[in-house]
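Asker: give me coordinates for this.
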Amino acid sequence: MDTIELRYGQTRAVVQTTGAQIASFKGADGREVIWQADPAVWAQHAPVLFPVCGTAKDNQVTVDGISYPMTKHGFTRNPDFTVGKRGADFVELVLGPTEESRPMYPFDFRLHVVYRLFENGYTTQFLVENLSDRPMPFCVGGHPGFVCPMEEGAAFEDYQLVFDEKEDGKNLLAPGGGLISGDEILPLEDGRILSLKYSYFDERDALIFDSYRSRAVNLTHRETGRGLRFEYPKMEVLAVWTKPGAHAPYLCLEPWHGLPATAAESGRFEDKPHATVLQPGESYTTWFTVRLMG
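Answerer: Numbering: from 1, shown residues only. Alright, predicted model coming up:
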């Protein structure tokens, strides 16, 4: 596995070509922000999700009347991306069809993942190209894991998510990380603040916030205010996750352009919520940004 080191001033990052995952990010204070992929808990840093986000109905998708097997979150976790453009503070990683992807996804595509540093932050950009001669449906998303608690002596439950806008607290339920089966209302203080508890994830797996007005959330210590700001201006869904029952020191903030399937879903790829259908020769770009606070 090749790694690429990036720097901008005192900001540092390491990106793996396998899976195009960011494996380390440190701001000016030198603290590690990215979960270090403990294989006893969750052996990933920040997977890229393509061409689905979450679980497909019956673990398959239908394209032009033909069913194709589809693994959860797609097939971009294992392949080696090639390096496109590269500079001191950015890298572009590129993936096309592979032996693993062709049985699942019958399209000629190109996925670009670009990491770009700035002072105490970074941006992850996804660019999807349709190189096929027919319309190509897809979803795309991120799955970065962040160290939490972030301060020595702090606990996971000392942290909170603070949405930019007042929200109703609606959370989609996908038991065991499978199909969406309903929804509930979570208690948000002042309509904006969700205090973290491991029990949320033990009982539900992921929290899935769909089509909130907010397109940014702060993950911060409720007393010190230290943490990070997470912005996802074009992504309709924010999933929040840590491995149920593990009570491990990390939290994933997952911006999705797509949703897991529901039991009532048709199975047709183009009918999936938030899926985009690219015409031949078209492309689509989206991104999210991480900025340290405090």
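
Asker: can you tell me the SS state at Arg77?
Answerer: Assigned by DSSP: H, G, I helix; E, B strand; the rest coil, the conformation of Arg77 is coil.

Asker: quick check: it vs Met293, distance?
Answerer: According to Cβ to Cβ, to the nearest Å, Arg77 stands 29 Å off from Met293. Just so you know, the C-beta spots here come from the backbone N, C-alpha and C atoms, and that holds for glycine as well.

Asker: with Thr124 instead?
Answerer: Thr124 is 18 Å from Met293, where distance means Cβ to Cβ.

Asker: neighbour-wise, which of the two wins?
Answerer: Thr124 (22 against 17; other Cβ atoms under 10 Å).

Asker: for the helix or strand encompassing that one, give me every contacting residue.
Answerer: Here Thr124, judged by DSSP states H and E, is contained in strand 121-130. Strand 121-130 has contacts (Cβ atoms under 8 Å, 6 or more residues apart in numbering) with 11, 13, 22, 25, 27, 48, 50, 107-116, 136, 138, 140, 142, 144, 276, 278-292.

Asker: separate out the buried members of those residues.
Answerer: Neighbour-count burial (16 or more other Cβ atoms under 10 Å) is assigned, among these, to 11, 13, 22, 25, 27, 48, 50, 107-109, 111-116, 136, 138, 140, 142, 144, 276, 278, 284, 286-292.

Asker: surely Thr62 meets Glu265?
Answerer: No: applying Cβ atoms under 8 Å as the test, Thr62 and Glu265 come out as separate, 10.1 Å apart.

Asker: for the record, mean pLDDT for the strand holding Thr124?
Answerer: In this model, strand 121-130 has a mean pLDDT of 98.

Asker: helix or strand right after that strand?
Answerer: Next along the chain after strand 121-130, taking DSSP H and E as the criterion, comes strand 136-138.

Asker: name the strands paired with the helix or strand just after that following strand and say parallel or antiparallel.
Answerer: Next helix or strand after strand 136-138 toward the C-terminus (DSSP H and E): strand 140-142. Using DSSP bridges, the strands paired with strand 140-142 are strand 48-49 (antiparallel), strand 250-257 (antiparallel).

Asker: hang on, Ser24 in a helix?
Answerer: No: checked against three-state DSSP, Ser24 lies outside a helix; its state is strand.

Asker: any idea what the residue lying closest to His112 once chain neighbours are set aside is bridged to?
Answerer: Distances taken as Cβ to Cβ, 6 or more residues apart in numbering put Leu127 closest to His112, at 3.9 Å, once the chain neighbours are dropped. Assessed by DSSP bridges, Leu127 has beta-bridge partners His112, Thr285.

Asker: quick one, the strand holding Thr124 and strand 22-26 angle?
Answerer: 160 degrees (axes from the mean of the first three to the mean of the last three Cα atoms, to 10 degrees).

Asker: now the helices: where do they sit in the stretch 101-250 of the chain?
Answerer: For the stretch 101-250 of the chain, applying DSSP state H, counting those that start in this stretch gives helices covering 198-204.

Asker: quick one, strands of it?
Answerer: With DSSP state E, counting those that start in this stretch as the criterion, the stretch 101-250 of the chain has strands at 109-118, 121-130, 136-138, 140-142, 145-147, 159-163, 170-173, 182-185, 193-195, 207-210, 216-221, 227-231, 237-241, 250-257.

Asker: for Pro103, list the residues it contacts.
Answerer: Listed by Cβ under 8 Å, 6+ apart, the contact partners of Pro103 are Tyr68, Pro69.

Asker: which residues touch Asp38?
Answerer: Asp38 makes contact with Ala248, according to Cβ under 8 Å, 6+ apart.

Asker: my guess is Pro106 contacts Tyr68. True?
Answerer: Yes: at 6.6 Å, Pro106 and Tyr68 qualify as touching, with contact defined as Cβ under 8 Å.
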